[in-house]
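>>> the following comprises the amino acid sequence and a computationally predicted model.
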There are 2 protein chains.
Amino acid sequence: MAVTMNDVARAAGVSLKTVSNVLNDYEFIRPATKQKVLDAIAELGYEANLTARSLRSGKSRMLGLVLSDLSVPYYAELASRLMTVASARGYRVLVEQSAAEEANELSALQGTFRQLTDGLLFTPLALGADAVAHRRGSKPLVILGEHIEDPRFDLVTMKNVGAATALTAHLLAGGRRRIAVIGASAEDSAGSPGLRLNGYREALAAAGVDFDPSLIVPAEWRRDGGASAVGKLLDSGAEFDAVFGLNDALALGAMHELQIRGVNVPADVAVAGFDDIDEARFASPSLTTVAPGMGEIAERSIELLIDRIEGAETADEGVHVEVEFELRIRASAP
Amino acid sequence: MAVTMNDVARAAGVSLKTVSNVLNDYEFIRPATKQKVLDAIAELGYEANLTARSLRSGKSRMLGLVLSDLSVPYYAELASRLMTVASARGYRVLVEQSAAEEANELSALQGTFRQLTDGLLFTPLALGADAVAHRRGSKPLVILGEHIEDPRFDLVTMKNVGAATALTAHLLAGGRRRIAVIGASAEDSAGSPGLRLNGYREALAAAGVDFDPSLIVPAEWRRDGGASAVGKLLDSGAEFDAVFGLNDALALGAMHELQIRGVNVPADVAVAGFDDIDEARFASPSLTTVAPGMGEIAERSIELLIDRIEGAETADEGVHVEVEFELRIRASAP
DNA sequence: TCGTCTGGGTACATCGTTGCAGAAAGCGGA
DNA sequence: TCCGCTTTCTGCAACGATGTACCCAGACGA
C-alpha cells in the first residue's frame, strides 16, 4: 500500500516520532538526523496521510463555502477566486450548494459538512441572524454578502448602499427620471435587496425625484427572473426610462426581454446591473454595472477566516469588512 | 467535545462495536437492541466522525473534480450538476482548479488531492493520454470531455463530431458559405477543437463547399479570446458570412465584437456556439448553439465513477459513454 | 564527585472508527 | 446428552499520524 511514516522511520534508522518531528519542524533535531529522514522521505516518495493527521490533530485544512448555486456566475467567479487565495495559504475549499433552502443551510451549518472543515464561509439566504447565531457551532464562521448584518458575526461585504446610490445617481445624471428596480419589493430594507434599494432611494431623494413603488418589481435573481419581471412591467403599461437590475443576471435578462420586445437599449430605456460579472462586459450593449471588488472580498474573507482558525484574530466582537466598489460605465447606460 | 460512539454505547448499555454494527446495518441485531442504540443516538445527537471512519475504512465518500477554472460558465454549470447528482448518492465533490497547467494537473492526479478522494473526474487539458496513463494511481478515474480518447480510460463525452456537423449543416442550409471557425488551428484533428473542426469539415464536404484554412482562427476559449479573434479576422479583410465559435464563450465574445464594429448579427454574419450555457439563451440576439446533454453527462459520469469505486463495474477495458446532443436554433443564426 | 540542566531522541497512549476473531446463548437433530 | 449450527453480541487490534512523558548523554557549575 502507501508508504507510511513507519516505513520512513525504518529506512532512516530513527523512531517514528523523529520523522514526525522533522515533518513538523520541531526545533531540536540534529541536521544530520534531519537529513537522513529527508533522504528517506525522498527515496520512498512518502506523502503524509491527511486523514490520519486530521483525525489526530482535529484540523483538516479545508474551508467550507456555502452558497446557493455554483452555476450562478457571481458565485462561480467568487468560488474560483476563494479557492485560489485559500490554496496560496495551504487550504482547500469544499463547496456546498444550499439552493437557498433553509434545511440545506442548516445542515451545512451543523451537519457533517461542518465536521469536514476548519471554518465556514457562509452566504445565508434563507436563514436569519438569530437562526445562524443559534446554530453556529464552535468553529469560526465568516458571513459573506450582506444578508445578515449583526455584531455577533464576522462579515465581509461591499458597500451596497453607496454603490447603489452612485449607480442610481449616474442614471439620474443621464436624464433618467423613471428608474425601475428589479429584484426587490418596495418595502425591503435589509439584505442585499433592501440595502441596494435604500441606496437607490437615497439617490432619488438627493435629486428631488419622487419614489414610485409601482416601479419596484420583485424577481428571482436570475436571468429568467429579470426577463419576466421586465415583461410584466411592460405589460402593465408602466412608464420607465431606465431599469436597475439588482444584480447582473437580472439586468441581462431584463435587457434581453426589452430588446425582444423592440425597446431600444439605451435610447428608450437604459439598463444597469450590479456585480460586474465577466459576461457584463461582453453583452450587447455592454452592461453598465458596479464592480464589487471581488478580488478583495476573496482575500479579506479568507484571511479573516484563517486568522480565526489559527487563533491570530481574537476580537470578541465580529469584525466587519466593507470593500470598496467601482462604477463601470458601459454602453447600456452611458 | 463531540459525542462519540463510546458515549452512545454507554448510554445504550451495549458495547462500542454493537453501535458500530447498528450504524453499518449489520444483519444480526435484535430489533430491541437496535432500537436502544438508535434512541441513544437520537438523545445524544450523535454524528459519526467522518475522518475517523475514513482513516479506518480507507474511503472518504468524496469525489475529486479537476477542471481548469470554475469561473468558466460551462464548468461552473457542470460542477453544479455533478455535485447535485453525487449528493443524491451520498458523495461530495471536491473541486480542484488546474488553470490548464501541466504541473497542476499532475499534482491533482497524484498528490494529496488524490488521497482525499475515492475517485477522480478529470478534464485533462495539458496532459496527454500517456502521461495520464502513467501517473494515474490505483483509484478509479473517469475522463470528462474529449481531450483524451483512449481505451485505457473510462470516458464520458458528447458526440463532438456529429454535433459540429449538424450545426455547420444548419448554417449551410441558411445559405452561409464562408463560415469562420474560432478556437482551433486548421491542422487540429484531436481534442475538443480537433473533433469539432472535423465535424465542420465533414459538413462542408457533404455540401460541396471548399475548406478554407484562412477562416480558421485559434483563440483562448474565453469571451475575450472570441472577441479578439474575430477582430483579427475583420482587420485582415477576410470575407465571411458566419462565425462558428467552438464554445459559447468564444461565440459570445465574437458576437460582441462584431456588433461593436457595426456588423449586424445575423443579417451580415450569423453566429453559432457550442455548449448551450444559460447565458446563450439571454444574449442579444440569442445564440444558436448545441446543447451537449449536460445533465446526462453529469449523471453518467458520476454513476460510472461510483460503480467503479464500489466495485460494481468491473470491465477491464475503459467504458466510453457518448451522450446525445440537441441543436438549439436561436436568433443569432436562424 | 555529584547534581542539575538541556539538547536530542524514543516509547506509548491516543484520536474515533471498523475488521476480525471469538464467546455466549439458543435450537434442532442424532 | 452431546454436537454443530446459527444468532447476537463483545473485545481487541488496527488505520497513520501527533502529544506527552520520559530517558540518556554530555556540558556545566559547585
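Ah, there it is. Residues are numbered from 1 along each chain as shown, chains lettered A, B, ... in the order given.

>>> ok so A:Arg308 is a helix residue?
Yes: assessed with DSSP: H, G, I helix; E, B strand; the rest coil, A:Arg308 lies in a helix.

>>> show the pLDDT at it.
A:Arg308 is assigned a pLDDT of 92 by the prediction.

>>> roughly how far apart are the closest residue to it other than its chain neighbours and A:Leu65?
The shortest distance from A:Arg308 to any non-neighbouring residue, by C-beta to C-beta, 6 or more residues apart in numbering or on different chains, is to A:Pro140 (3.6 Å). From N, CA and C alone the C-beta is placed, and that goes for glycine too. As for A:Pro140, its distance to A:Leu65 is 13 Å (criterion: C-beta to C-beta, to the nearest Å).

>>> likewise for A:Lys34?
37 Å.

>>> try A:Ile306
Distance from A:Ile306 to A:Leu65, counting by C-beta to C-beta: 13 Å.

>>> what about the two, which has more around it?
A:Leu65 (25 against 22; other C-beta atoms under 10 Å in any protein chain shown).

>>> so what's A:Lys232 closest to, chain neighbours aside?
Using C-beta to C-beta, 6+ apart and skipping residues adjacent in sequence, the residue nearest A:Lys232 is A:Val217, 6.5 Å away.

>>> what does A:Leu144 give?
Nearest residue to A:Leu144, sequence neighbours excluded (C-beta to C-beta, 6+ apart): A:Thr123, at 4.8 Å.

>>> just the pLDDT at the one you found, thanks.
pLDDT for A:Thr123: 92.

>>> next, the contact list for it, please.
A:Val66, A:Leu67, A:Ser68, A:Tyr75, A:Ser98, A:Ile143, A:Leu144, A:Gly145, A:His147 (C-beta atoms under 8 Å, 6 or more residues apart in numbering or on different chains).

>>> torsion angles phi and psi at it?
phi -110, psi 90 (degrees, to the nearest 10).

>>> would you point out which residue of the stretch 1-150 of chain A is nearest chain B?
In the stretch 1-150 of chain A, the residue that lies nearest chain B is A:Ala76 (3.5 Å; C-beta to the nearest C-beta).

>>> quick one: the helix or strand hosting that residue to helix B:73-88, angle?
A:Ala76 belongs to helix A:73-88 when assigned by DSSP states H and E. Here helix A:73-88 runs at an angle of 80 degrees relative to helix B:73-88 (axes from the mean of the first three to the mean of the last three C-alpha atoms, to 10 degrees).

>>> could you point out the helix or strand that follows helix A:73-88?
Trace forward from helix A:73-88 with DSSP H and E and the next one is strand A:92-97.

>>> what helices and strands are in contact with that next one?
Contact partners of strand A:92-97 among helices and strands, from 3 or more C-beta pairs under 8 Å, 6 or more residues apart in numbering or on different chains; DSSP states H and E: strand A:62-67, helix A:73-88, helix A:102-110, helix A:112-116, helix B:73-88, strand B:92-97.

>>> in a markdown table: these, plus mean pLDDT and distance to A:Ala40.
What follows is those, written out as a markdown table (pLDDT from 0 to 100; distance: least, C-beta to C-beta, whole Å):
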| stretch | mean pLDDT | distance to A:Ala40 |
| --- | --- | --- |
| strand A:62-67 | 96 | 29 |
| helix A:73-88 | 96 | 28 |
| helix A:102-110 | 92 | 42 |
| helix A:112-116 | 92 | 31 |
| helix B:73-88 | 96 | 38 |
| strand B:92-97 | 97 | 29 |
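
>>> now do the phi/psi pair for A:Val290.
According to degrees, to the nearest 10, A:Val290 has phi -120, psi 130.

>>> what sits closest to it if chain neighbours are left out?
Once flanking residues are discounted, A:Val290 sits nearest to A:Ala163: 4.5 Å by C-beta to C-beta, 6+ apart.

>>> please compute how far the host helix or strand of that neighbour lies from its chain's middle.
For A:Ala163, the enclosing helix or strand under DSSP H and E is helix A:160-173. Relative to its parent chain, helix A:160-173 has a centroid offset of 22 Å by C-alpha atoms, centre = their mean, to the nearest Å.

>>> and the average pLDDT for it is what?
Mean predicted confidence for helix A:160-173 is 95.

>>> send over it as PDB, restricted to the C-alpha atoms.
Provided in PDB are the C-alpha atoms of helix A:160-173 (Å, rounded to 0.1, in the frame of the first residue of the first chain):
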ATOM      1  CA  ASN A 160     -24.100  48.100  -1.000                       C
ATOM      2  CA  VAL A 161     -25.800  51.300  -0.200                       C
ATOM      3  CA  GLY A 162     -23.100  53.500  -1.500                       C
ATOM      4  CA  ALA A 163     -22.800  51.600  -4.700                       C
ATOM      5  CA  ALA A 164     -26.500  51.600  -5.400                       C
ATOM      6  CA  THR A 165     -26.600  55.300  -4.700                       C
ATOM      7  CA  ALA A 166     -23.700  56.000  -7.100                       C
ATOM      8  CA  LEU A 167     -25.200  53.900  -9.800                       C
ATOM      9  CA  THR A 168     -28.600  55.500  -9.500                       C
ATOM     10  CA  ALA A 169     -27.100  58.900  -9.400                       C
ATOM     11  CA  HIS A 170     -25.300  58.100 -12.700                       C
ATOM     12  CA  LEU A 171     -28.700  57.200 -14.300                       C
ATOM     13  CA  LEU A 172     -30.200  60.400 -13.000                       C
ATOM     14  CA  ALA A 173     -27.300  62.400 -14.300                       C
END
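
>>> and the next element down the chain from it?
Next helix or strand after helix A:160-173 toward the C-terminus (DSSP H and E): strand A:179-182.

>>> measure the nearest residue to A:Asn21 once chain neighbours are set aside to A:Val37 for me?
Once flanking residues are discounted, A:Asn21 sits nearest to A:Ile29: 6.0 Å by C-beta to C-beta, 6+ apart. Applying C-beta to C-beta, the value for A:Ile29 to A:Val37 is 8 Å.

>>> the two - which one has more neighbours?
A:Val37 (25 against 15).

>>> what sits against that one?
Each residue near A:Val37 by C-beta under 8 Å, 6+ apart is listed here: A:Val8, A:Ala12, A:Val14, A:Thr18, A:Val19, A:Val22.

>>> residue boundaries of the helices in the stretch 151-300 of chain A?
Along the stretch 151-300 of chain A, the segments classed as helices by DSSP state H, counting those that start in this stretch run A:160-173, A:191-207, A:223-235, A:248-260, A:278-282, A:294-309.

>>> how about the fourth one: buried residues?
If you call a residue buried by 16 or more other C-beta atoms under 10 Å in any protein chain shown, then helix A:248-260 has these buried ones: A:Asp248, A:Ala249, A:Leu250, A:Ala251, A:Leu252, A:Gly253, A:Ala254, A:Met255, A:His256, A:Glu257, A:Leu258, A:Gln259.

>>> show me what contacts the first one?
For A:Asp248, the contacting residues are A:Pro73, A:Tyr74, A:Gly273, A:Phe274, A:Asp275, A:Asp276, A:Ile277, A:Glu279, A:Ala280, A:Leu287, A:Thr289, taking C-beta under 8 Å, 6+ apart as the criterion.

>>> list phi and psi for the residue lying closest to it once chain neighbours are set aside.
Leaving aside its chain neighbours, A:Asp248 sits nearest to A:Gly273 (3.9 Å; criterion: C-beta to C-beta, 6+ apart). With angles defined as degrees, to the nearest 10, A:Gly273 sits at phi -120, psi -160.

>>> can you count the residues close to A:Gly273?
34.

>>> look at the residue nearest to A:Leu195 when sequence neighbours are not counted and say how many residues are nearby.
Of all residues not flanking A:Leu195 in the chain, A:Asn160 sits nearest, at 3.8 Å (C-beta to C-beta, 6+ apart). If you count neighbours by other C-beta under 10 Å, A:Asn160 ends up with 26.
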